[in-house]
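Novice: After the sequence you'll find the predicted model.
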Protein chains: 2
Amino acid sequence: MPANRKNARLNTSRILREVWTGDLVSRIDLSRRLVLDKSTVTLLSAELIDRGILMEQGSVPTSGGGRRPTGLGIRGDFASVLGVELLPNAIRLARLDLNGELIEETEHPVEASKERIIDVLAQEIRDVLSGTPGRFLGVGVALSGLVDGVRGCIRRSGLFGIETDLDIVRDLRRRLEIPVMIENDANCCAWGELVARRKQATDDFLFLLLESDYFTTPDTDFPRLSLGMALGLDGRVHHGRSSSSGEFRSLLHRADGDTQFSLNLKDLERMSTDGERRHALFDELASHTALLLNVLGLDRVYVGGDAGPWWQELRECIDARTRSNWPYPGRAELHIGQAGYGRFAAAAGAAAMHLERAFAVKHGEMFEERQLTHGIEALEEQV
Amino acid sequence: MPANRKNARLNTSRILREVWTGDLVSRIDLSRRLVLDKSTVTLLSAELIDRGILMEQGSVPTSGGGRRPTGLGIRGDFASVLGVELLPNAIRLARLDLNGELIEETEHPVEASKERIIDVLAQEIRDVLSGTPGRFLGVGVALSGLVDGVRGCIRRSGLFGIETDLDIVRDLRRRLEIPVMIENDANCCAWGELVARRKQATDDFLFLLLESDYFTTPDTDFPRLSLGMALGLDGRVHHGRSSSSGEFRSLLHRADGDTQFSLNLKDLERMSTDGERRHALFDELASHTALLLNVLGLDRVYVGGDAGPWWQELRECIDARTRSNWPYPGRAELHIGQAGYGRFAAAAGAAAMHLERAFAVKHGEMFEERQLTHGIEALEEQV
DNA sequence: GCGATATAGTTGAATAGTTAAACAAACAGT
DNA sequence: ACTGTTTGTTTAACTATTCAACTATATCGC
């Protein structure tokens, strides 16, 4: 690699991230925030505009008199990312542009038994890819269970009946010839929140994903409920040891219990009518949430999935429990909101995960060839 | 700043961190890990050796035939850091060299009432500083309570009876004319673990600090017990919103309770003799620990403070509860250990916090003057 | 012992990214 | 129109980094 090229790439990626993250930044903003000279920013941003990734847009409000700064923005249409949420007999697809805008969403039934997971995914993804013009950054896959995103495999999954490691990314990447990432659905949702709210201040948060097996047993009154947790910390989604974070089981769980909570399955079935029992469940969930929020010092919670009609009830439970669990007088303000991408939170989040990686600052050690495939760089050769 | 100097500083700081973090690295190791040319490493490391920060030491085992690589190491004696743990009527001081080695430790009684905290700290620190030759990187202060490390103030503290914000760093920095940092004691312990174990693989962990008010009431059988939690995630200590993480209160806590647990103070007093009640307490602590470990996907716990004679009992409790709380069969291995710096965990950790910052990779945005005071750079003008 | 081979580290010239400085552009107030 | 101010561009100079050639030092086989 000729001479000093790496530094240019580093600063280029820093500029890209700053523009992607910030809201209507000008060249002078960039030069101040990144501690680069104005001329350097001019040069590098001109290059990015030439390449079609950046564009001038709008005008930033001037600070006092003087020439009005011109805003810079990512050209969302430069490329898009596909996100997929796979359920046992349904699939949700979401396509995002580079700015994280949802530009396409579909949902339809499929038969995705344990053995057919890879075939179904490959087929569905290929359908979208072949029917869509333009560059593709990659595909993200979200599903319920214990997923090792780094190794790209599903380790365990109750919903799909998976009990041994299933190497999914390797196969998909070979068949689709496009970067593939996989993650737990709750973690994907957290990525989605991070990307959707990236232009505001990045605060840490807890994401609660309430999944019901609606698609497998649509006839029961209150379908089997499972809770996945994810953490957005320091602008990134927390992965524990071998991506095993988010596995929740209540403190009050009994050895013979068949749910994650103290209540049993048959108790849960009458949830929609039995208000007292529902409140007990929500309270159990809320007190655990409160513990996590206070120990981790968080003040944001997002709820996604099938909370549906009981959203407000759950919200009040969490708020009350978090305040009563706080050891000092006067708990700071608590924000409890719903998932940004709504129903497509997991699918869009899986796509967002790719965006986040593409707009990461590429520090020295990242410049190896394997890593480069996940970036804007690799795209330019395409169409 | 002349031309391209910033980039050199970036790579210099990357080299420093790699040497500090890694164990017996050679120039060729550095060039491979940081993706820099051999010659660049030669140049920059020569400069660092000239400046007295780096030194050649030992020889790295050769891989096959060829010239034996020469190891590089940080000169620990280039400077030292002071850490202080303040208790209501005692103080512990620990001095570390640049390699994090404990080179001095003292402990003695003081009267540190709420009003005298700053005076006591300033006096004690000045005593050590004036009696010790060589450069000082800075001073770290650890104490129990809700501490905002970023703003440098104590927000709340039960032990010291502090109920309004106390701006401590500003005053100390002015009086001592040396960089000062303050943190919650449990968080300091976590910094200590990160630094002490930095040469091994960095795994996330939970730190449990069991504090008794031994110094205030040495006559009671089982002194008042308080539990502080801290998290080491991704090589850094997790701070929540305004550094409020680590505040623990049991799920079973009752509104009229006077401890963090479901047991009351008078129950705790008979702990040392009443085995059954002690086990109930440990079990309560352990089940909460288990929840955190599993949700966060952690497999390491360190215990510090006054666990003393019951260390093994507590350890077994945590291990058992974590396994039974894990929702899948066969929980991965769990490591439960004691604090690396032992009795001086908080004090040494407060010092380690400074080291960690000094050896951080200085990315562009960090180069402002205020930040520069916390680095090796600023030291060279001294003596 | 002596090449053959392989790896680690050094030196010097070429390269290219960054910067400072001067300049042009665009705006507000008087 | 004049002044002052801020943003953005151009150009020449600087210097960090790299490449290529070289030296130093090890193992291995004979």
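Specialist: Here it is on my side, so go on.
Novice: Tell me the helix or strand right after the top helix by length along chain A.
Specialist: Assignment by DSSP state H gives helix A:275-296 as the longest helix of chain A. Next along the chain after helix A:275-296, taking DSSP states H and E as the criterion, comes strand A:300-305.
Novice: which strands and helices sit next to that following strand?
Specialist: helix A:185-196, strand A:205-212, helix A:311-325, strand A:335-338, helix A:345-358 (3 or more CB pairs under 8 Å, 6 or more residues apart in numbering or on different chains; DSSP states H and E). All C-beta spots, glycine's among them, are computed from the backbone N, C-alpha and C.
Novice: now with 10 Å?
Specialist: Applying 3 or more CB pairs under 10 Å, 6 or more residues apart in numbering or on different chains; DSSP states H and E, we find strand A:300-305 packed against helix A:185-196, strand A:205-212, strand A:225-233, helix A:275-296, helix A:311-325, strand A:335-338, helix A:345-358.
Novice: Quick one: closest of those to DNA strand D.
Specialist: Nearest to DNA strand D, of all the helices and strands packed on strand A:300-305, is helix A:345-358, at 22.9 Å by CB to the nearest atom of the strand.
Novice: avg pLDDT for that closest one?
Specialist: Per-region confidence: helix A:345-358 scores 96 on mean pLDDT.
Novice: swap in stretch A:267-277?
Specialist: Mean pLDDT, computed over stretch A:267-277, is 73.
Novice: do stretch A:58-71 as well
Specialist: Per-residue pLDDT over stretch A:58-71 has a mean of 79.
Novice: before we move on, back to that, could you save the helices and strands packed on strand A:300-305 as CSV and add columns showing distance to DNA strand D?
Specialist: Shown next, in CSV, are the helices and strands packed on strand A:300-305 (distance: least, CB to the nearest atom of the strand, whole Å):
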stretch, distance to DNA strand D
helix A:185-196, 26
strand A:205-212, 33
strand A:225-233, 31
helix A:275-296, 38
helix A:311-325, 42
strand A:335-338, 32
helix A:345-358, 23
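Novice: So for DNA strand C, which of these sits nearest?
Specialist: Comparing those by CB to the nearest atom of the strand, helix A:345-358 comes nearest, at 19.6 Å.
Novice: touching chain B at all, that closest one?
Specialist: No. Helix A:345-358 is not in contact with chain B by CB under 10 Å from any CB of the partner chain; minimum separation 15.2 Å.
Novice: circling back to that earlier point, give the other helices and strands that the longest helix of chain A contacts.
Specialist: Using 3+ CB pairs under 10 Å, 6+ apart, helix A:275-296 sits against strand A:205-212, strand A:225-233, helix A:265-269, strand A:300-305, helix A:311-325, strand B:225-233, helix B:275-296.
Novice: Distance from the chain centre to that helix, please.
Specialist: Relative to its parent chain, helix A:275-296 has a centroid offset of 24 Å by CA atoms, centre = their mean, to the nearest Å.
Novice: what's the angle from that helix to strand A:300-305?
Specialist: Relative orientation of helix A:275-296 versus strand A:300-305 (axes from the mean of the first three to the mean of the last three CA atoms, to 10 degrees): 140 degrees.
Novice: What are the buried residues along helix A:275-296?
Specialist: For helix A:275-296, a neighbour-count test (16 or more other CB atoms under 10 Å in any protein chain shown) marks A:278, A:281-282, A:284-296 as buried.
Novice: measure A:E85 to A:Q338 for me?
Specialist: Distance, A:E85 to A:Q338, by CB to CB, to the nearest Å: 17 Å.
Novice: Same drill for the two, tell me which one is more crowded.
Specialist: A:E85 (26 against 13; other CB atoms under 10 Å in any protein chain shown).
Novice: Which pLDDT value does the model give the more buried one?
Specialist: 96.
Novice: In contact with it: list those residues for me.
Specialist: By CB atoms under 10 Å, 6 or more residues apart in numbering or on different chains, A:E85 lies in contact with A:91-94, A:107, A:140-144, A:185, A:188-189, A:343-350.
Novice: buried subset of these?
Specialist: Buried by 16+ other CB under 10 Å: A:91-94, A:140-144, A:185, A:188-189, A:343-350, out of the contacts of A:E85.
Novice: Any idea how many residues pack against A:A255?
Specialist: Neighbours around A:A255, by other CB under 10 Å: 5.
Novice: Next, it: secondary structure please.
Specialist: coil (DSSP: H, G, I helix; E, B strand; the rest coil).
Novice: How about it: what's its closest non-neighbour residue?
Specialist: Spatially, and ignoring its direct neighbours in sequence, A:A255 is nearest to B:S324 (7.5 Å; CB to CB, 6 or more residues apart in numbering or on different chains).
Novice: Which residue, neighbours along the chain excluded, lies closest to A:G152?
Specialist: Nearest one to A:G152, counting by CB to CB, 6+ apart, is A:V169 at 2.7 Å.
Novice: Verify the stated contact: A:D283 with A:R321.
Specialist: Yes. At 7.0 Å, A:D283 counts as touching A:R321 under the criterion of CB atoms under 10 Å.
Novice: For A:T70, grab phi and psi.
Specialist: Here is the backbone geometry of A:T70 (degrees, to the nearest 10): phi -100, psi 130.
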